[in-house]
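Q: need coordinates for the following:
(3 chains)
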Amino acid sequence: MSGVDAFFPATDPQPRPAGRLDGVGRALRRARPWSSARTSLWVGLALLGLVVLASALVPLLSPYGSNEIVAAPYEAPSWSHPFGTDSVGRDLFVRVFVAGRLDLAVAAIIVVAALAVGSVLGTLAGGARRRWVDTALMRLVDAVIAFPFLVLVLVLVVVFGTERSLGPLPAGAPAVILGVILGDWAFYARLARGQTLALRERDYVVAARVLGFSQPRIVLRHLLPGVVGTIAAYAVADAILVMITVASLSFVGVGVQPPTPEWGALMYDGRAVLQDAWWITVIPGVMLALTGLGLSLVADTLLSGRAER
Amino acid sequence: MSATVSIGDGRAGASRPARAAGGRAAVTAVALHAGQLLVVAVIVVLLTFLMVRVAPGDAVDAISGTHGTDATRAALRAELHLDDSLPRQFTAYIGGLAQGDLGRSLVQQGRDVDAIIAARLPVTLTVIAGTIVLGCLIAIPLGLLAALAPWRGTDTGVRTLLSLLLASPPFFLGLLLILGPALALGWFPAGGWPDAWPENLRYMVLPSLALAGFLVPQVARSVRQAALDAQREQWYEAALARGLSSRTLALRHVLANSLLPVVTLVGLNIGALIAGAVVVEAVFGLPGIGQELLSAINQRDYPLIQGIVIVTALIVVLSNLLADIAYRIVDPRTGRG
Amino acid sequence: MAETVLSVEGLGVELAGMEALTDVSFSVARGECLGIVGETGSGKTVTCRTLVGLERRIGGRVVRGRIVLDGTDVAGFDDAGWRAVRGRRIALVPQASLSSMDPLMRVGRQLAETVRTLDPDADPRARALELLEQVDMPRPREVLRRHPHELSGGMRQRAMIALALAGRPSLLIADEPTTALDVTVQRRILRLLTTIRQETGMAVIFVSHDLSVVRSVSDDVAIMYAGRTVERGPIEDVFAAPAHPYTQALLAAQPGLADRSAPLAAIAGAPPPLGRRPDGCPFRPRCPHAIEACAAPVPQVTVGAEHEAACVFARELVAG
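A: All right, here's what the predicted structure looks like:
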């Protein structure tokens, strides 16, 4: 899904005011009380908070282990198994939220890494004194963006090998993380370059240049902070697409490997018995959609907050 | 980019040559863009080539497994030019590519990769075309409704729905569509592809809708924003002030102005739609390019993987160029004349 | 004296709960031109919007006063009521700008569409051409097929006037119609407005921040400051004997209008922002003559035929 285009305008964005990271607190204080922006921010944060909390605390909420067979297969949701059981009788409530841990962590790692790599490279391209650095980097970015996102990531994940695990990351996860970062950084680079071009003519940057500061110093100390602040808001929106991509990879079998629970993998498991045991597929999907909705509500507020100024 | 042409207040006859120059400027801009995209295309091919070469494990092992004799393995190595240096392999590949030769599949009895792709691509493109049509038919009214409906609840409701859609992976929507309209209601088949017209249409609807779940939020949001922007424009107020009703304005002026960005948006999303098609085809069992890619990946059929990746990326590059040209045709301000 | 087309009496408009117009009064007679002069933020634009019933679009609300058009108070009209007024009885020519016409639609179609709405019996295409000829558009037939961005600023403004004339209104409001244009084009548009006024007997309200431009086209003038008309009267009377300190200051700030040997006087201070306007006379903080009495509600003082000012010193100022 290179739907990141939804949030990353293809053309250089309008110059925006240089700002530090525009935190949720700032957005809240800026929003008028009871305005729709404020309400949607709260609803978004509440949704995210619920999913994060439930994922973190799931061992306290349920006595079962995530790979433990605890009941008959295909049990419909009930009091003892709120989300039902899967094809071998594992408790889906536990599996869905243990999967949530993995999905949230993987998405966070990917977004932060892609943001970091993309911002640095994009700022370098936009702030470079030599034209060819900019041209070369941006053509590379164009080429990476030209690949249908999931197609590129699929091949990269296969190339890295889905058997490998790394520390706490289960088999498949390292390849997924690396593959998605390698596809995703380019969107941030394009955005960061546009921001840099807008920022570099600003007074304080021009002043730094006149003062004779070195180019790397100007780029790192003066341009990068402003750039990162602006695109951080886009990163929240990007997290949705990253989560969808991670789930899609597992869904086509080229992602996190069984038996580790992952939302896309859980949904794939239930696919064959869709009609008889809908909960196996639908509940992880709803969880993914709700997390995405939460992110999208927060992102909308952050982005519109920036646009208003 | 846009070449604006003006006629002077009293300078009669100045317009025709100026307009021709505007047309030339547009052609130059498109040519520049095309040149840029050509460079991008070459990088795309190079990246794909490198990606497949660094894959772990010997492709020959992956393909021939334990059955291969030394002779067949050597033949395979030669077939894949694996004994040549990387630059040499690349030159050979790009030379073939220039003649439309994408190599031969390692698995499917040596069929030509381009023939395999040509057989599968139409299915994917049909679903994508269906997605664009259905998606726009859903998204444009939704976006206008959100922007123009006088009740604030409508806007909030539509926007929440769109966020929910954007956050739902296409394969999840596909599964829900199979569960509801296909299995429970029996309106549409739950999957498969008859490969005959017009039967294909019925089989296309649900996959297209599933994929549209990704396009609709973007188009609807863009239409909504453009419609809101149009209402803030000076011309909108001026038209109201001279007595045009807001309904006339909505149907003629706001609609036209909010459709303009959709052209670019759809063009820029072709890549995302192809990517989405990979999973949607898996859900509905459609014999498209995505299914072919997945089976090629499972069988480590590297020439086929390489061919599919390159062809889909080139389709994206081409559709970006087409979107640029289409936009210039639709927007009178871009100096087409 | 010709019959009055429009008279505005004590108009007050609130913008998002703050008073944007406090007390605006003026009138304009058939075939005459009233100039409205004021700085940015004096309420000129809010006044223009209110006169075509569009104040609601910016969150405005009429809280006082009357807008009497041909004997009817239109201030309380609903949307349907205003639609019968807009274009047909009061038309608006906005500031010259690239975005004053729908960028995607040809000029001819925009004209024809307006004709179809305001003048359903006319042949839209023929009438569109006729309107362009009426505003002296060069090569009108060709312009019909053009998109707005293909016209020069002056031509676009002529097209805007043509659009405003489509419903044969009895009053034309021109809101800074020439501000963004260069001087020669500006002069031609001003001449065109005067010619049309004389040919059609239409009344014109000409809004500008430029006193000299207003002087060249208007019969009467109303000076606005902080949401009030502080002085109004026949233009030559006001120029010869300004009765409000603000008018005096404006005249003194005009190059070539006041005594040429005197230095050009800038007005010290700035107009009060919305929501922080002082009681009584709003000009008080910047006025050289201000006394304690100025904090009380200011009387309208008549100083000559049709000439009045909202200042306790009006008579003394006129007497010099």
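Q: just say helix, strand or coil for C:Val28.
A: The local conformation at C:Val28, judged by DSSP: H, G, I helix; E, B strand; the rest coil, is strand.
Q: got a list of what the closest residue to it other than its chain neighbours touches?
A: Distances taken as C-beta to C-beta, 6 or more residues apart in numbering or on different chains place C:Leu34 nearest to C:Val28, at 4.1 Å, with adjacent residues excluded. Glycine gets a C-beta too; all of them are placed from N, C-alpha and C. By C-beta atoms under 8 Å, 6 or more residues apart in numbering or on different chains, the contact list for C:Leu34 reads C:26-28, C:203-206, C:218-222.
Q: what about the residue of chain A found nearest chain B, how many neighbours?
A: Taking C-beta to the nearest C-beta, chain B has its nearest neighbour within chain A at A:Gly292, 2.1 Å off. Around A:Gly292 there are 25 other residues, counting by other C-beta atoms under 10 Å in any protein chain shown.
Q: confirm it sits in a helix?
A: Yes: applying three-state DSSP, one finds A:Gly292 inside a helix.
Q: that one contacts B:Thr160, doesn't it?
A: No: counting by C-beta atoms under 8 Å, A:Gly292 sits too far from B:Thr160 to count as a contact (11.9 Å).
Q: what sits opposite the residue nearest to C:Val28 in the beta ladder?
A: Beta-bridge partners for C:Leu34, by DSSP bridges, are C:Ile205, C:Asp220.
Q: quick one: pLDDT of it?
A: On pLDDT, C:Leu34 comes in at 96.
Q: spatially nearest residue to B:Leu322, not counting backbone neighbours?
A: B:Gly267 (6.3 Å).
Q: what helices and strands are in contact with the helix or strand hosting the one you found?
A: Using DSSP states H and E, B:Gly267 sits in helix B:255-268. Using 3 or more C-beta pairs under 8 Å, 6 or more residues apart in numbering or on different chains; DSSP states H and E, the elements in contact with helix B:255-268 are helix B:113-148, helix B:199-232, helix B:302-330.
Q: show me where chain C has helices.
A: Assignment of helices within chain C using DSSP state H yields the ranges C:44-51, C:79-85, C:107-118, C:124-134, C:140-144, C:153-165, C:183-200, C:211-217, C:235-240, C:245-252, C:314-319.
Q: and the last one, what's its mean pLDDT?
A: In this case it means helix C:314-319. Here the mean pLDDT over helix C:314-319 is 87, rounded to a whole number.
Q: with the first one instead?
A: Mean per-residue pLDDT for helix C:44-51: 92.
Q: now that helix: how far from the chain's centre is it?
A: Distance of helix C:44-51 from the chain centroid (C-alpha atoms, centre = their mean, to the nearest Å) equals 8 Å.
Q: with the fourth one instead?
A: On the basis of C-alpha atoms, centre = their mean, helix C:124-134 sits 26 Å off its chain's mean C-alpha point.
Q: got it, and the longest one?
A: Using C-alpha atoms, centre = their mean, the mean C-alpha position of helix C:183-200 is found 15 Å from that of the whole chain.
Q: try stretch A:223-239
A: With C-alpha atoms, centre = their mean, you get 12 Å for stretch A:223-239.
Q: is it in proximity to chain B?
A: No: Stretch A:223-239 is not in contact with chain B by C-beta under 8 Å from any C-beta of the partner chain; minimum separation 8.9 Å.
Q: same check on stretch C:92-102?
A: Yes: Stretch C:92-102 is in contact with chain B by C-beta under 8 Å from any C-beta, via C:92, C:94-95, C:97, C:99-102.
Q: ditto for stretch A:87-102
A: No: Stretch A:87-102 is not in contact with chain B by C-beta under 8 Å from any C-beta; minimum separation 13.6 Å.
Q: any idea of the mean pLDDT for that stretch?
A: 86.
Q: residues of it that come out buried?
A: Using 16 or more other C-beta atoms under 10 Å in any protein chain shown as the test for burial, stretch A:87-102 gives A:90-102.
Q: my guess is A:Ala125 contacts A:Met138. True?
A: Yes: A:Ala125 lies in contact with A:Met138 (C-beta under 8 Å); the separation is 5.9 Å.
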